[in-house]
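*Asks:* Compute the structure for the input listed below.
(2 chains)
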Protein chains: 2
Amino acid sequence: MSAATAPRQLREVGLAEVRAISRGAAVLGTGGGGDPHIGALMAAAAIRAYGPVALTPLAELPDDAVVLPVAMMGAPTVMVEKIPSADQVGRAVEALTRHLGLGVTHVACIEAGGVNSLVPVAAAAELGLPLVDGDGMGRAFPELQQVLLTLTGVRATPMSVVDEKGNCAVLDTVDNRWAERLARSVTIDMGCSAMISNYAMDGAAARRGLVPGTLSLAASLGDLLEPGAAGDDPAAAVAEHLGGRVLARAKVIDVERRTTTGFARGTAVLEGSGCDVGRTLTIDFQNENLLVRDRPADRDDDGERVIATAPDLICLLDTATGAAITTEQLRFGHRVSVIVAPCDPRWRSPEGLALAGPSAFGYPDDAVLLEGVSA
Amino acid sequence: MSAATAPRQLREVGLAEVRAISRGAAVLGTGGGGDPHIGALMAAAAIRAYGPVALTPLAELPDDAVVLPVAMMGAPTVMVEKIPSADQVGRAVEALTRHLGLGVTHVACIEAGGVNSLVPVAAAAELGLPLVDGDGMGRAFPELQQVLLTLTGVRATPMSVVDEKGNCAVLDTVDNRWAERLARSVTIDMGCSAMISNYAMDGAAARRGLVPGTLSLAASLGDLLEPGAAGDDPAAAVAEHLGGRVLARAKVIDVERRTTTGFARGTAVLEGSGCDVGRTLTIDFQNENLLVRDRPADRDDDGERVIATAPDLICLLDTATGAAITTEQLRFGHRVSVIVAPCDPRWRSPEGLALAGPSAFGYPDDAVLLEGVSA
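*Replies:* Have a look, this model is predicted:
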């Protein structure tokens, strides 16, 4: 890893860091997670109004810190058109802290990939609180129980869900899957985009259950994607920075997509230099990229092989610029580099795979994870 | 009105009163409201465990009373099979009082028709609190904003929604329609049957916004329906007791029903002595009976006339016994007496009609209400 790409430990998020995090969070979004641009707009507006946000390394969180994650929930396509109102973040936090009867000391991210890397920056600026440098996944996942916190026993609820009109729900559920179920319905009623606060925890629980340093990581990825910063192969530089590898250089030759139960599901077919003659790569996605298959070009299943799966990070980057391409942007003719990078090692446990491996998304395939990586 | 049918002012609800209220509430349910039998089972079990419930006349409520209605929400068909758990009522009340930071002094009914006439009896017994003799409608309606309290400015929220598994939502919405919308989705997720507590109010607001004496009324209707109590024409006695009239004696010759968006919608066609030769009556229902039309038997619309509509009470009673027939029980061959009785006069205001008249249910027809009644 070159000096230019060494992760920097951010101590503060200002306007420049917002831009960098936005670019890096798109990579960590692995095709989904919502457009970070919306989060960047919100964070920049809040920083202009209230000043930069102090970032607290996870390891420095005191045991008795009261950590409150905030996030947007909903359909990425809607989030882009229905920007949260100015007071919506504050109301989500206020509803939950009132219910808990606790004062918050730190804001946190549930999801480092996509829009939810920066929504908490806006929240922290508005609330005048420090933000934790870490998140609940180290990437993006579609459902709210899909966080390492579920594995370490932190409850998603009590949680608040608020819309831009002034409606609010405070949920208290028997498990984190029920939190997802009720919050999803309420979010759909609210117009498919809502602000949430959940997984309230103390500092000790945050240190146990969050992935450290992911905002710094997103910012360093963003720096790497500055024009010229990573030479003529930015995708390779990103893969190296994440401890992963480039799986293929290819051209998108087909994208089939359908929107069902609030998710953008589909398959992209790629053909190119990373594939043997007469074979293609297909990427199955459900908001995020979940499964890469190597298969004969005639789509006969004979000889099909799964070569990468969630919870590892499967990212499609523009081969020329290294910019992350979301599953919604993906279209015929795109020249992409497919990279795979290791997830947080806790996702690789049996419990982690049950929560966010292929079976969690309804695929019959076993997880195929990068080997020999130091995560 | 004979002495035997004079409304008695109940002061206590014991097991005998539960049976009477159950029969009477089925009449006030106007075809819907959920099966009072489930409420009767819950109330009887609670009374056996905790003793009878004191009933407070609405006029005697002190201004500073803290009145908390409780009810079941959901699909009547599901409620019959998924009886609430023993602690579910208590959790609904506890969630809301904790949120409000208030101690409750009285339990109340939102809906005198159907199951929700007796669910609050069970709640009051369990909580050891008196119950208000009154309700929010004077009948049954399908949606939770359809109460006189909406007209008198009482907010449905904060409200709690709890299921038998231990899940709970506390909602706070911008208006009572939004409360219906969010609570409906949460209830559907919870399995189409949930316990709710909402419309918390002080005694002064309860006196302004509730219909007085409706539990006593239900009990006196129930007494009237005891075998032999009302002579050989119990339907006429019920109509007289409610200040209404018998619209027709007829036989059900067709029932068309469909279940859409959680409601039992349909039309019943009746033929009989209350209709002119060559003409029929049709009853349009959406859970409750909403519209009575007099029309040529060949169903040509020429000469069709709407002769009664919600918010007046349209009840179908078994001609022989006077027992109320729900829209779900209605079938070919039923000999029924169609009675219409005046709603609470506040429902007849322009605001009341907008909230619970034909237009509120999507009918283009104007409301047709009983004339010359002293409501």
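
*Asks:* Model confidence for A:Asn287, exactly?
*Replies:* A:Asn287 is assigned 88 on the pLDDT scale.

*Asks:* can you check the one 4 residues further on too?
*Replies:* The model reports A:Leu291 with a pLDDT of 97.

*Asks:* what do you get for the one 3 residues further on?
*Replies:* pLDDT, A:Asp294: 90.

*Asks:* Just to be sure, it is in a strand?
*Replies:* Yes: if the criterion is DSSP: H, G, I helix; E, B strand; the rest coil, then A:Asp294 is within a strand.

*Asks:* how much space between it and A:Ala239?
*Replies:* Distance, A:Asp294 to A:Ala239, by Cβ to Cβ, to the nearest Å: 18 Å. From N, CA and C alone the C-beta is placed, and that goes for glycine too.

*Asks:* Also A:Val161?
*Replies:* Between A:Val161 and A:Ala239 the distance, using Cβ to Cβ, works out to 37 Å.

*Asks:* what about these two, which has more around it?
*Replies:* Neighbours were counted for A:Val161 and for A:Ala239 using other Cβ atoms under 10 Å in any protein chain shown; A:Val161 has more, 31 against 24.

*Asks:* so what's the more buried one up against?
*Replies:* With Cβ atoms under 8 Å, 6 or more residues apart in numbering or on different chains as the criterion, the residues that contact A:Val161 are A:73, A:92, A:168-171, A:183, A:186-187, A:190, A:194-196.

*Asks:* Pretty sure it sits in a strand.
*Replies:* Yes: read with three-state DSSP, A:Val161 is one of the residues of a strand.

*Asks:* Show the pLDDT at it.
*Replies:* 98.

*Asks:* Tell me the bridge partners for it.
*Replies:* The residues listed as beta-bridge partners of A:Val161 by DSSP bridges are A:Ala169, A:Ile196.

*Asks:* and the gap between it and B:Thr173?
*Replies:* As judged by Cβ to Cβ, A:Val161 and B:Thr173 stand 12 Å apart.

*Asks:* Now do the shared contacts for these two.
*Replies:* Counting by Cβ under 8 Å, 6+ apart, the shared contacts of A:Val161 and B:Thr173 are A:Cys168.

*Asks:* burial measure for the spatially closest residue to A:Ala320 that is not a sequence neighbour, as a count.
*Replies:* Distances taken as Cβ to Cβ, 6 or more residues apart in numbering or on different chains place A:Arg335 nearest to A:Ala320, at 6.8 Å, with adjacent residues excluded. A count of neighbours around A:Arg335, defined by other Cβ under 10 Å, yields 13.

*Asks:* Outline the domain layout of chain A.
*Replies:* With automatic domain parsing serving as the domain definition, the record reports that chain A contains domains spanning A:3-216, A:232-361.

*Asks:* can you give me the strands in the stretch 251-375 of chain A?
*Replies:* A:263-272, A:279-286, A:288-296, A:305-309, A:313-318, A:335-341 (DSSP state E, counting those that start in this stretch).

*Asks:* ranking these by mean pLDDT, which is last?
*Replies:* Taking each of the strands of the stretch 251-375 of chain A in turn, the one with the lowest mean pLDDT is strand A:263-272, at a mean of 87.

*Asks:* What strands line up against that one, and which way round?
*Replies:* Taking DSSP bridges as the criterion, strand A:263-272 sits next to strand A:245-260 (antiparallel), strand A:279-286 (antiparallel) in its sheet.

*Asks:* Could you give the number of residues near A:Gly243?
*Replies:* By other Cβ under 10 Å, 13 other residues sit near A:Gly243.

*Asks:* buried set for the helix or strand bottoming out on mean pLDDT in chain A?
*Replies:* Across the helices and strands of chain A, mean pLDDT, DSSP states H and E gives its lowest value to helix A:76-79, namely a mean of 76. By neighbour count with 16 or more other Cβ atoms under 10 Å in any protein chain shown, helix A:76-79 contains the buried residues A:Pro76, A:Val78, A:Met79.

*Asks:* Look up how far chain B lies from the residue nearest to the first one when sequence neighbours are not counted.
*Replies:* Distances taken as Cβ to Cβ, 6+ apart place A:Gly34 nearest to A:Pro76, at 4.3 Å, with adjacent residues excluded. A:Gly34 sits 22 Å away from chain B, taking Cβ to the nearest Cβ, to the nearest Å as the criterion.

*Asks:* doesn't A:Gly34 fall inside a helix?
*Replies:* No: remark: A:Gly34 does not belong to a helix; assigned using three-state DSSP, it is coil.

*Asks:* tell me the SS of the spatially closest residue to A:Ile21 that is not a sequence neighbour?
*Replies:* Distance criterion Cβ to Cβ, 6+ apart; nearest residue to A:Ile21, sequence neighbours excluded, is A:Ala218 at 4.6 Å. For A:Ala218, the reduced secondary structure class is helix; criterion used: three-state DSSP.

*Asks:* where are the low-confidence patches of chain A?
*Replies:* A:1-7, A:261-262, A:273-278, A:299-301, A:373-375 (pLDDT under 70).

*Asks:* who in the stretch 1-150 of chain A is up against chain B?
*Replies:* Within reach of chain B by Cβ under 8 Å from any Cβ of the partner chain, the stretch 1-150 of chain A has these residues: A:Ala95, A:His99.

*Asks:* re earlier: who touches the residue nearest to A:Pro76 in this structure?
*Replies:* Taking Cβ under 8 Å, 6+ apart as the criterion, A:Gly34 is in contact with A:Met72, A:Pro76, A:Met79, A:Gly114, A:Val115, A:Asn116, A:Ala140.

*Asks:* Which members of those residues are positioned in helices?
*Replies:* Secondary structure from DSSP state H places A:Pro76, A:Met79 of those in helices.

*Asks:* The contacts of A:Gly34: which two are farthest apart?
*Replies:* For the contacts of A:Gly34, the farthest-apart pair by Cβ to Cβ is A:Met79 and A:Ala140; their separation is 13.0 Å.

*Asks:* Quick check: next helix or strand after the host helix or strand of A:Glu17?
*Replies:* Assignment of secondary structure by DSSP states H and E places A:Glu17 within helix A:15-28. The helix or strand immediately downstream of helix A:15-28 is helix A:36-50, counting by DSSP H and E.

*Asks:* so after that following helix, what's the next helix or strand?
*Replies:* Proceeding N to C from helix A:36-50, the next assigned helix or strand is strand A:53-57, under DSSP H and E.

*Asks:* Now do that following strand: distance to the chain's middle.
*Replies:* 19 Å (Cα atoms, centre = their mean, to the nearest Å).

*Asks:* what do you get for stretch A:350-364?
*Replies:* Using Cα atoms, centre = their mean, the distance from the centre of stretch A:350-364 to the centre of the chain it belongs to is 17 Å.

*Asks:* With stretch A:328-348 instead?
*Replies:* In terms of Cα atoms, centre = their mean, the centre of stretch A:328-348 is set 12 Å apart from its chain centre.
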